[in-house]
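>>> Coordinates only, no sequence provided:
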Ligand code: NA
Ligand code: NA
């Protein structure tokens, strides 16, 4: 038991000292395996982990979904999504931030990344929210929080990695994210109204758009809708596997960019190289996490934790609550992907032993991770937003996201009370 | 930066090593990797289209995808190392200044170098073991050993670079041709998630 | 007391774990009177094909796995995967273990390990949706998810269009029409709920193909055990484990057939001329395998004859 506690402590120590997370996990995992089963087997495991997992068909969805996201951002679909949701919502109180949230949700349905979603939406919606007098905090909060839906509403790069680590079906995980994602959109719209209720509303009320114009604006979302329909419809109906869906989605997004005349050869090359680098970063963290999880597995951690839980006689709900607290604390300082890969190998055998559905747990984890994206001091979506909208204080954004974080917590409680939110849709598949 | 698009994160990240060897490797490895990623997409599309339209899936598409994936991410490894792009947490280190910061950066680079050197060596040995058995892929029956040697070489390049970087930080008084320690754990050091 | 780690890559509910490996572990703990304790790892150490090497390299002490997951390495063991061998796993597994000891072990394909047992699952068959299985023409050209090894040779000989995908994707592939069918033993049909997405099965006397399994221990670890412990362990391994595995697979196959009958699946059993046509079509598969195995220095023809005699109870 000392083995793995020491290992966890060393890894966190190295990470705190600024050692890249992949190297910290790999080297500690390796040394830990040496301690448990000896040098020669540990050496052979190291080679095997990096080789075999690099050649995994299931994992090939990652670069393809990243590529699809890059194409989608470039295609300019975000502007049309915002225009459409604006047309329908702008005349309500809090209309523009609510339209932002809806457009974020829409964008999330074709982009697997939260950072890309919030960065794109910031560029698209921040100027108009400012023009019509919305407070910076609310405007920024709606974008940063709305962006977190990127990893919950499918496709989602984080759900893919969760599926790999916890050995769950990626198609089912994607479907499980749909309803909680819709609940998330609704919650964030409520958060906009709450925010307005507690602050002095300085925004201008806009006139409703004529129906004809609203309908015309809807036409703009056809691109997004058809892409989503192909990818998720294809997975839902079993027309293709998740990997194939990613390839087809990337191909479709590529055609969209091409059709809109937004592609030059240097831009394409740059997007492809970016895709490679992002994928590489993710994979090497995954490799480190797999090496580390082999170590804790061999050191008997799943059994130790299980008997600890049995010793205190904890109910599944109590365990989930503790896990959620751990995510809140870790999420303050860790980046989302690393946090997921550090923790899921530890948590999933425990909750599985308690009879928790691992598809449901994946959604639980992603919702918990979403919160980390917008909480201080390290909140990646907030930083992205700040990079796009230079003249806004980080403190203003963090205060602005508070009502949204509150709705996130409500959502996670709902998810625990009504597991069907996540599990119903995948259960109707096939 | 008036129009920061998230796809062009690399524009904000062009920092990183700019020596001639590194510049060449970035171009060459990046170019090959770009072609391969695009190829992965096309192979999947053709495979699916072939299956539905002509009832003839692309033979071996599955294995080609697997092998391409491994090569792509290992081609990306030196690229990420050149840019000091691996995700790290800089909550503490960003408060370090001067010598402390150099030492921290050197330490991080050397730990990375040692790790990747070990990985490169072990992948090579793994490949040698597979080759000695005559292991081949299930359908196309491609030999597995040589793939491992390629991955090993790419990891070795990355390890060498990190050693160079670490030692350079330790001994040189001139400012290195790469940033020291990177920024905060924020956008410029995170994958697009 | 020696504790040995047993690697596991299947869910605990899978018959190979619940009905074969776990009871065997308990038996070993019992017969060695607690001197050797086997401990099943809770989470997998790596993908299934890596498990033979885990035993060779001592990553785990004992591993189980499928020979044809690492093609190129195991040739002699493919003898147990040939078509028309046996209607039960029990008969084939026991015969296979004995043939392995007498003929195949000499090829030394399990180098670096001590072989605790080898066995096969029940006969593999062909399950399809919307296909006419009464003639070979009706089968030709259908998109079939296939495994590796001899199953692949069989598919080629039958002019099937192979669809490659991980076995965990089987349901998805069939429900959406990505594939028209799948090669599976009846047990796997039920385990992956395939009965919901196919309508008929080609159930061939003796099976269309089979799959060969190993249970091995790290060679050095084995050598370090006392003779008494070795003897005790082998008393519940080897033929005894093959027999246990065979019975477990057969029971699992029976459950599979029950599930399929409940769904009203049509079973097509080729007889007479149809059976002869099938045999003729697949004749090359056996001949090729015998030739490949002979190249490994094994008297393949004699081994195959002994295997068939063993199955027949001779
Ligand atoms: Na998404
Ligand atoms: Na945070």
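Right, received. Where do you want to start? On a predicted model such as this, the values are computed, not experimentally measured, just so you know. Residues are numbered from 1 along each chain as shown, chains lettered A, B, ... in the order given. Ligands and ions are numbered 1, 2, ... in the order given.
>>> Identify the residues contacting residue A:392.
Shown in contact with residue A:392 (Cβ atoms under 8 Å, 6 or more residues apart in numbering or on different chains): A:136, A:140, A:385, A:386. In this view, the C-beta of every residue, glycine as well, is placed from N, C-alpha and C.
>>> Return the residues in contact with the closest residue to ligand 1 within chain A.
Nearest residue of chain A to ligand 1: residue A:108, at 4.0 Å (Cβ to the ion). Residue A:108 makes contact with A:114, A:117, A:149, A:150, A:151, A:152, A:153, A:181, according to Cβ under 8 Å, 6+ apart.
>>> Check residue A:111 too.
A:68, A:69, A:72, A:73, A:117, A:120, A:150, A:155.
>>> Wait, a helix at it?
No. Secondary structure of residue A:111 (DSSP: H, G, I helix; E, B strand; the rest coil): coil, not part of a helix.
>>> contacting residues around the residue nearest to the spatial centre of chain B?
Most central residue of chain B, judged by C-alpha distance to the mean C-alpha position with Cα atoms, centre = their mean, is residue B:77 at 1.2 Å. Listed by Cβ under 8 Å, 6+ apart, the contact set of residue B:77 reads A:280, A:284, B:116, B:154, B:155, B:158.
>>> Can you tell me which of these comes closest to residue B:61?
Nearest to residue B:61, judged by Cβ to Cβ, of these is residue A:280 at 22.6 Å.
>>> taking the contacts of residue A:111 one by one, which sit in helices?
A:68, A:69, A:72, A:73, A:117, A:120 (DSSP state H).
>>> Can you get me a residue count around the fifth one?
Spelled out, it's residue A:117. Residue A:117 is flanked by 36 other residues according to other Cβ atoms under 10 Å in any protein chain shown.
>>> What of the third one?
Using other Cβ under 10 Å as the criterion, residue A:72 is surrounded by 31 other residues.
>>> In terms of helix, strand or coil, where does the residue of chain C found nearest ligand 1 fall?
Minimum separation of chain C from ligand 1 (Cβ to the ion) falls at residue C:172, amounting to 20.3 Å. Following three-state DSSP, residue C:172 is assigned to helix.
>>> That one contacts residue A:243, correct?
No. Residue C:172 is beyond contact range of residue A:243, at 10.8 Å (criterion: Cβ atoms under 8 Å).
>>> Looking at those two, which has the bigger crowd around it?
More neighbours surround residue A:243 than the other of residue C:172 and residue A:243, with 29 against 25 (other Cβ under 10 Å).
>>> secondary structure element for the more buried one?
For residue A:243, the host element (DSSP states H and E) is helix A:242-259.
>>> now for that helix, which elements pack on it?
helix A:61-75, helix A:170-198, helix A:222-228, helix A:234-236, helix B:20-53 (3 or more Cβ pairs under 8 Å, 6 or more residues apart in numbering or on different chains; DSSP states H and E).
>>> Which among the ones you listed is found nearest to residue C:37?
From the helices and strands packed on helix A:242-259, taking Cβ to Cβ, the stretch that ends up closest is helix A:170-198, at 37.0 Å.
>>> quick revisit: next, format the contacts of residue B:77 as a markdown table and append secondary structure, distance to residue C:165 and neighbour count.
Output for the contacts of residue B:77, formatted as a markdown table (DSSP: H, G, I helix; E, B strand; the rest coil; distance: Cβ to Cβ, whole Å; neighbours: other Cβ atoms under 10 Å in any protein chain shown):
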| residue | secondary structure | distance to residue C:165 | neighbour count |
| --- | --- | --- | --- |
| A:280 | helix | 25 | 27 |
| A:284 | helix | 26 | 30 |
| B:116 | helix | 33 | 28 |
| B:154 | helix | 28 | 21 |
| B:155 | helix | 29 | 25 |
| B:158 | helix | 32 | 27 |
